[in-house]
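*Asks:* Pasting the sequence and the predicted model now:
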Amino acid sequence: MSDTAASPTAPASPDTEPPTGSATTLHATGSAIPPEELDRLTRDIVAALKTVYDPEIPADIYELGLIYRVDIDDNRNIDLDMTLTAPGCPVAGEMPGWVENAVSLVPGVANVTVNMVFDPPWEQSRMSDEARVALDWY
């Protein structure tokens, strides 16, 4: 996976790669989950994250680089770190619930915990090329 933390990550396919410039890390260190299922979970979680949009920005939160970390444990519990484009975002209180709901709908996912973090602060360099094109921010 390009540009992620050096720790072990879930197997990825091209459609589960973090956005260019992103620091999203998908973890499943030493997982007892069969690799095929882990691949499917990873793909489906990313697809679910891509259904959540910041209402003020016409790009999904995954491509914006708002998802910093996704951990999948052996019991299929998901622990996720996310941020906002700005701490004073008007949907700060609602967006974690949107993310939790979206990921909870993925078949095989047990519990979902969404942690709001602001360190490091979000910056435009975290956006994928897809988000930059959608926003005309080149």
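*Replies:* Yep, it's here. Numbers count the residues shown, from 1 in each chain.

*Asks:* Pick out the residue closest to the middle of this structure.
*Replies:* residue 67 (3.8 Å; Cα atoms, centre = their mean).

*Asks:* Surely that residue and residue 79 touch.
*Replies:* No. Assessed by Cβ atoms under 8 Å, residue 67 is found out of contact with residue 79, at 11.9 Å. The C-beta positions use only the backbone N, C-alpha and C, and glycine is treated the same way.

*Asks:* so what's the nearest residue to residue 85 once chain neighbours are set aside up against?
*Replies:* The shortest distance from residue 85 to any non-neighbouring residue, by Cβ to Cβ, 6 or more residues apart in numbering, is to residue 122 (5.4 Å). If you count contacts by Cβ atoms under 8 Å, 6 or more residues apart in numbering, residue 122 has them with 64-66, 83-86.

*Asks:* Looking at those, which is nearest residue 135?
*Replies:* Checking the contacts of residue 122 against residue 135 by Cβ to Cβ gives residue 64 as the nearest, at 8.8 Å.

*Asks:* how many other residues sit next to the closest one?
*Replies:* Neighbours of residue 64 under the rule other Cβ atoms under 10 Å: 27.

*Asks:* so how far is stretch 56-67 from its chain's centroid?
*Replies:* Stretch 56-67 sits 9 Å away from the centroid of its parent chain (Cα atoms, centre = their mean, to the nearest Å).

*Asks:* Repeat that for stretch 100-115.
*Replies:* 12 Å.
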